[in-house]
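Trainee: Sequence first, then the predicted structure, then my questions.
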There are 2 protein chains.
Amino acid sequence: MLSDIEIANAATLQPIRDVAASTLGIDEEHLVPYGHYKAKVDLSYLAGLADRPLGKLVLVTALSPTPPGEGKTTTTVGLTDALHGLGHRTVACLREPSMGPVFGMKGGAAGGGYSQVVPMTDINLHFTGDFAAIAAANNLLAALIDNHVHHGNELDIDVRSVTWKRVLDTNDRALRQVAVAMGGHANGFPREDGFDIVVASELMAIFCLTESWADLKRRIGDIVIGYTRDTKPVTARELGADGAMSVLLRDALAPNLVQTLEGAPAFVHGGPFANIAHGCSSVSATRAGLRLADIVVTEAGFGADLGAEKFVDIKCRKSGLRPDVAVVVATVRALKYHGGVALPDLGTEDLGAVEAGMVNLRRHLANIRNVYGIPCVVAVNRFPTDTDAEIAKVVELVAAEGVSAFPATHFAEGGVGARDLANGVLTMLEQPSPYTFSFTYDDADPLTEKVEAIATRLYGAGLVTWDARARRRLERIERDGYGDLPVCVAKTQYSFSTDPTSLGAPSGHELHVREVRLSAGAGFVVVVCGDMMTMPGLPRDPSAARIDLADDGTILGLS
Amino acid sequence: MLSDIEIANAATLQPIRDVAASTLGIDEEHLVPYGHYKAKVDLSYLAGLADRPLGKLVLVTALSPTPPGEGKTTTTVGLTDALHGLGHRTVACLREPSMGPVFGMKGGAAGGGYSQVVPMTDINLHFTGDFAAIAAANNLLAALIDNHVHHGNELDIDVRSVTWKRVLDTNDRALRQVAVAMGGHANGFPREDGFDIVVASELMAIFCLTESWADLKRRIGDIVIGYTRDTKPVTARELGADGAMSVLLRDALAPNLVQTLEGAPAFVHGGPFANIAHGCSSVSATRAGLRLADIVVTEAGFGADLGAEKFVDIKCRKSGLRPDVAVVVATVRALKYHGGVALPDLGTEDLGAVEAGMVNLRRHLANIRNVYGIPCVVAVNRFPTDTDAEIAKVVELVAAEGVSAFPATHFAEGGVGARDLANGVLTMLEQPSPYTFSFTYDDADPLTEKVEAIATRLYGAGLVTWDARARRRLERIERDGYGDLPVCVAKTQYSFSTDPTSLGAPSGHELHVREVRLSAGAGFVVVVCGDMMTMPGLPRDPSAARIDLADDGTILGLS
C-alpha cells in the first residue's frame, strides 16, 4: 500500500469553493481562501445562520489506546466519506495537527491511508496560521507580564507565582524549564519560566470553546496569569492584554474548511491537548457544521475516559451541544493489548486475549451509555494482521453488551470500507435514544467532589488523594470564586488509572492528584494526576532528518 | 488629517486578482490567494519568466535619519503611485513589517497617510505567515541542536559555542538572555542561550537573498550553528535540518502581492534588520517585479551608509541586480537635526540649521554617486511644520551638489503629491548614467580591508580598531574558508560614526569592531560596531494596551 503522503500527493483535489458550494451550500463570497484548497468560512456569515435547525452530532471516541493509536481520526474521516457517499449532507470536524510531532516521531494527524483530509502537507504544516496566531497572542501576554514587572510592577505581581508560560509549536525539551531575564538590569527581573507546546496552552483551549469575538475577548481578559504578593489573582485584562490578543486571533477564529480524499467537506479547526485541555476541535466549527450539514462527525482525543468525558463535561456543558450517537473505535490490537499481549506480539492471533481485553471496552461502553447517556456503536477498525476470527470475536463480545459493532476497512478502502458502520450510525440516529444525556457532575458540586465523581464513576478508582500543595491550590481557587468551574483531568490515556501499565479495567485504585492549575479563561480547573508532558522532546532519530524539499518544490518524507 | 488606520479602513480595495491582472498581467491561476486582497505569486510561474527583459530599478534610500524616521516607505509608495498614475507599469517592493514593534512603540510599517499599502492591518499582523514560517524553521534548527547534544552529541558540538539563537516575532526583553535545558537529565544539557526577534535572524536574511527552493536548501545547509570542541564549524546540513527547514519555508518563498491605496501593485516580502542583516526586501520579489513591470521602486533600511551600502554590496553583489537610480529621502527636520537642533525644536524654522545639516546629506550623495556609482535625485518629504523657505533652501543646497531635489507631499496627498519626483526619476531613467556602478570592495579583499573600505570611503572614519576577541573570530572565519564573503556592518543608523549623537558628517573617527558573527548561509560576515539590539523590549506604555477588537471584528488602535 502507498504511504499517506503518496496517496495524498496523488489525489486530485477540487477547488475548495466548489466543495463549499456543492456540499454545504456556502457561496464563494463567504469564504476567505488560503490558496485554492483551504478556506476559512466567514464568522459573520456563520452568525447569520443562527436560526437554522441543527443537524445530528456523532462523536467518535475510543477504548483506552495502544501507544500507536487506534485510528480515531481515520475513522472520523472514513465514516464521513461513507455517509457522504450514501447521499447524506455530512461534514467532519477534526483537530488541527501540531507541527511539533510532525518533525518528531508521531508524524502528522490528517487521517491516514484512504481516509485523509487534504491538502495533507498544508494541514500538517502551517495550514491557515491558526497555531502561529495563538502562539503570537500567548507570547505577547508573556512579554507584557515581564514588561509590567520591569517597568515598576504596579500590580505587585509576584514573579515566583507567574503561571502563564510562553509557547512554541516545536518539540523542544530544552525549553521546558528555563531562566529568563538574565543578563542584568536592562533585561528585566530574572525568574524561572518554561515553554509549552502551543496545543497545551490555555489560549488554545479558549480558542476552541468560543464562537464570537466578544466572548473571545472576555475569556482572554479572564485569564489568570499568576498572583500578587498577597496572593490575589492577576488577570490578562488587568495587564491591558485582552484587546491586542483578541486582535491577533481575530481571523483565526473562523473555521477552516478542507476536503476529504473523497470530496466530503471537513472543518479542521483548533487542537487542544486532551490531558491539560479538553481535546476537542473548536465549538465554532462544530456549530457551523451542525447548521450547514445534516450530520457532523467529530472526534475527541484519547480514550472515552478522557476525550469523551471532556467533550461532555466541558465542551457540551459550555456550548449547549449534545451528541446524538457515540462511535467507539476499537481494534483487535488494543483488545489483545488490554488482554495481556505485549506490543510487539499484537500481530499474532489470540482470541483469548481479545476476550480478556474486552474488560476495557466494556467499561467505556458502560460509561458512555450509563454515565454520559449517549447511545453508541462500536467501529472495529481493521488492521492488516487482524484475523477474521478475531474480528468476529469482537463483534460477538460487543453484541453481548447490547451494542452493535461494525468492522471497518476505510484505511485501505476509503468510505466504502465504512459503509456498514455508516448504516449502523444512521439506524441509531433514526431511533429515539433510550438514555438521558447527562454530565458526570454538577457545576455546584465542590471541586473535590467533581474529581471524585470522575474517578469513581468512570475510572473505577477507590479513592482520590491529594498532594498537600495541590489541595491548598484547590482551596485558593475555590476561595477566589472559581469553584463552579468544571474540572479537566490530566492523566495517562493508556489506563483508567494513573499507571500507564495498568491495562484492562483496574478497580479500587487510588487517583492521586499531584497538581492543580486554574484555566480561568478557558473555564476549567486542570487536575494533574501523574506525570504530564506539556512540551514534548524530539527522538534520537527525528522525522525532521527524513523530511525533504525537492528542487521542484515537492515535499518528501512527511508522514 | 485622519490616522493611518482610519485612512486604511476607509479605503475601497480591489480584489487582488484584479490588481494582478490589470497592473501586472498575472492570470489568476498563478496566484495563491490569502483572503481576497493578498496573494502569493507562484514561484514556478515566476521562474518561467526568466527570458523577459528586466525593467528599471529605483532604490529609495535616505540621509542619516532622526529617531522617528524620514518616510522612506511612504516615499516608496508615493513614488510608485505617482508613476502608476502617469501610466507607467510600476510596482513597489517593500519589506514586511515585524509584529513586535506593532505592539510596542514604533507601530506598523505599511507606509502612512495617503501613501500606504493595504490591507494595512493584515500586513502589519500575520500577513501571509512568512515570519511565522521563518520562526518555525529557525526554532526547529535550535531544537535539533539541543536534541543532538542530548542524544549523545555525535558531532561533538561545544554547547558554549552555539551561536544559533531561537526567535520570536515579539518584543520581549526577558528572552534576550536565558538559560535553557534546566531541570535535570530529561531536559538536556543546560546552556546559556537567547532569543532574537525574527527580523534579526540569519534565516530572514537567507530568505531574502534566495530565489529558488534548491538555493534556499543549499544556503540553509551552509548555516554554521556553532563549533565543535576542537573549533570546527558545525552546519545545519550536518544536523540533517536543511530539508525540513526548507519544507517549512516552501510556500513563504513566493512573493506577496498587495496594492497601494491608489491601486498600484506592491510586493511586500521579507524584512531583515538593516544592522545585523542587509535590510532589503526579498530578491525574489525584486526580480519578479523587474520581470513583470517597467519600473520597480524599492527601499533599503536606515540611511544610505547602511541600507544602500548593503543593497549594493550584499543584495546586488549576490543577485546581479543593479539599481538605475537612487532616490535619497531628505527632510527639513533631519537636516536641522544634523545642523544641531534638538528633536523637540524641529518644528521651528531655522534656515541656518538646514544649511549646517546639509553636510550629512552631502556625504550620502557623494557616496551614492562616487562610490556606488548610482545616479540620484533627492525627495524632500514635506512635513506640516516645514516652511516654504526651508523647502526652497533644501532644493537650492542640493542643486549646488549637481543633484535635483523634488519636494513631495504624498503623505497628505497620495501619488499626486509625488508627481514632480516621479517626473524627475523618469528623466534620470531616460538619460545614460554618467557613473559606473561598483562595489565598495572586492570579494578577494581580506575581511579587514573590506571593513576599512566601508569605514574610510563611506563613513569618513580615520581608522578601524578591533576588539581582540573579534579579531580572533575574524581570523577563524578566514581560516575556515569564509574570507571571500562580503561584510555586513551593524552600527547605529543615526550617525556615520558609531556614536548616535555624532550628527552631521563626522570625520577621522575610530570605527571600533566589538564583535564578529558569521552568517554562512546568508553569505556575509556581520561586523558589530557599538551596541546592537537584536531583541527589542516593550515600552512602559505599549501600544498593545490601546489596540482593541470591537465586537463586530473591527480592529482599533493599530498605528
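Mentor: Ah, there it is. Numbers count the residues shown, from 1 in each chain, chains lettered A, B, ... in the order given.

Trainee: for the stretch 201-350 of chain A, which spans come out with low pLDDT?
Mentor: Counting by pLDDT under 70, the stretch 201-350 of chain A shows no low-confidence range.

Trainee: where does it come near chain B, residue by residue?
Mentor: Within the stretch 201-350 of chain A, the positions near chain B by Cβ under 8 Å from any Cβ of the partner chain are A:212-214, A:216-217, A:240-241, A:243-244, A:246-248, A:250-251. No exception for glycine: its C-beta is placed from N, CA and C like everyone else's.

Trainee: Tell me the one of the residues you listed nearest residue A:9?
Mentor: Each of those was checked against residue A:9 using Cβ to Cβ; the closest is residue A:251, at 28.3 Å.

Trainee: So what would you say the end-to-end distance of stretch A:313-327 is?
Mentor: 18 Å (Cα to Cα, to the nearest Å).

Trainee: whoops, I mixed them up, stretch A:335-355
Mentor: 8 Å.

Trainee: For that stretch, buried residues please.
Mentor: A:335-339, A:341, A:346, A:349-351, A:353-355 (16 or more other Cβ atoms under 10 Å in any protein chain shown).

Trainee: can you tell me the helix or strand for residue A:140?
Mentor: helix A:130-150 (DSSP states H and E).

Trainee: just checking, next helix/strand downstream of that helix?
Mentor: strand A:166-168.

Trainee: Narrow the residues of the stretch 201-350 of chain A next to chain B to just the buried residues.
Mentor: A:212-213, A:216-217, A:240-241, A:243-244, A:246-248, A:250-251.

Trainee: can you put the residues you listed in a markdown table and add secondary structure?
Mentor: A markdown table is the format used below for those (DSSP: H, G, I helix; E, B strand; the rest coil):
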| residue | secondary structure |
| --- | --- |
| A:212 | coil |
| A:213 | helix |
| A:216 | helix |
| A:217 | helix |
| A:240 | coil |
| A:241 | coil |
| A:243 | helix |
| A:244 | helix |
| A:246 | helix |
| A:247 | helix |
| A:248 | helix |
| A:250 | coil |
| A:251 | coil |
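
Trainee: any chance of these in JSON lines, plus distance to residue A:283?
Mentor: JSON lines is the format used below for these (distance: Cβ to Cβ, whole Å):
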{"residue": "A:212", "distance to residue A:283": "10"}
{"residue": "A:213", "distance to residue A:283": "14"}
{"residue": "A:216", "distance to residue A:283": "11"}
{"residue": "A:217", "distance to residue A:283": "16"}
{"residue": "A:240", "distance to residue A:283": "27"}
{"residue": "A:241", "distance to residue A:283": "23"}
{"residue": "A:243", "distance to residue A:283": "22"}
{"residue": "A:244", "distance to residue A:283": "23"}
{"residue": "A:246", "distance to residue A:283": "17"}
{"residue": "A:247", "distance to residue A:283": "21"}
{"residue": "A:248", "distance to residue A:283": "19"}
{"residue": "A:250", "distance to residue A:283": "17"}
{"residue": "A:251", "distance to residue A:283": "17"}
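
Trainee: out of the residues you listed, which one sits closest to residue B:317?
Mentor: For these, the nearest to residue B:317 is residue A:248 (37.9 Å; Cβ to Cβ).

Trainee: That closest one and residue A:400: what is the separation?
Mentor: 53 Å (Cβ to Cβ, to the nearest Å).

Trainee: Next: residue A:256.
Mentor: From residue A:256 to residue A:400 the distance is 41 Å (Cβ to Cβ).

Trainee: So these two - more neighbours on which side?
Mentor: The neighbour count for residue A:256 versus residue A:400, taken as other Cβ atoms under 10 Å in any protein chain shown, is higher for residue A:256 (27 against 10).

Trainee: is stretch A:157-164 anywhere near chain B?
Mentor: No. Using Cβ under 8 Å from any Cβ, stretch A:157-164 stays clear of chain B, coming no nearer than 10.1 Å.

Trainee: Tell me how far that stretch lies from the chain's centre.
Mentor: Here stretch A:157-164 is found 28 Å from its chain centre; the criterion is Cα atoms, centre = their mean, to the nearest Å.

Trainee: contacts for it?
Mentor: Contacts of stretch A:157-164 from elsewhere in the structure, counted by Cβ atoms under 8 Å, 6 or more residues apart in numbering or on different chains, are A:141-142, A:145, A:148-149, A:189, A:191-193, A:223-229, A:231, A:234, A:517-518.

Trainee: same question, stretch A:364-372
Mentor: By Cβ under 8 Å, 6+ apart, stretch A:364-372 touches A:61-64, A:303-305, A:308-309, A:312, A:326, A:328, A:374-376, A:378, A:398, A:401, A:403, A:435, A:437-438, A:440, A:457-458.

Trainee: Among these, which ones are in strands?
Mentor: Secondary structure assignment by DSSP state E places A:61, A:62, A:326, A:328, A:376, A:378 of the contacts of stretch A:364-372 in strands.

Trainee: Which of the residues you listed has the largest number of neighbours?
Mentor: residue A:62 (32 neighbours).

Trainee: Run through the bridge partners of that one.
Mentor: For residue A:62, the beta-bridge partners under DSSP bridges are residue A:329.

Trainee: so what's it up against?
Mentor: A:70, A:72, A:302, A:303, A:304, A:307, A:328, A:329, A:330, A:334, A:364.

Trainee: where does chain A dip in pLDDT?
Mentor: For chain A (pLDDT under 70), the answer is none.

Trainee: which ones are touching residue A:262?
Mentor: A:81, A:84, A:85, A:414, A:415.

Trainee: shouldn't the last one be in contact with residue A:84?
Mentor: If I follow you right, that is residue A:415. Yes. With contacts counted by Cβ atoms under 8 Å, residue A:415 reaches residue A:84, the gap being 6.6 Å.

Trainee: that older thread, which helices and strands sit right next to the helix holding residue A:140?
Mentor: The elements that helix A:130-150 packs onto, with contact taken as 3 or more Cβ pairs under 8 Å, 6 or more residues apart in numbering or on different chains; DSSP states H and E, are strand A:166-168, helix A:202-209, strand A:224-227, helix A:242-249, helix B:130-150.

Trainee: Mind giving me the packing neighbours of the second one?
Mentor: Packing contacts for helix A:202-209, counted by 3+ Cβ pairs under 8 Å, 6+ apart, involve helix A:130-150, helix A:213-222, helix A:242-249.

Trainee: switch to 6 Å and redo it
Mentor: helix A:130-150 (3 or more Cβ pairs under 6 Å, 6 or more residues apart in numbering or on different chains; DSSP states H and E).
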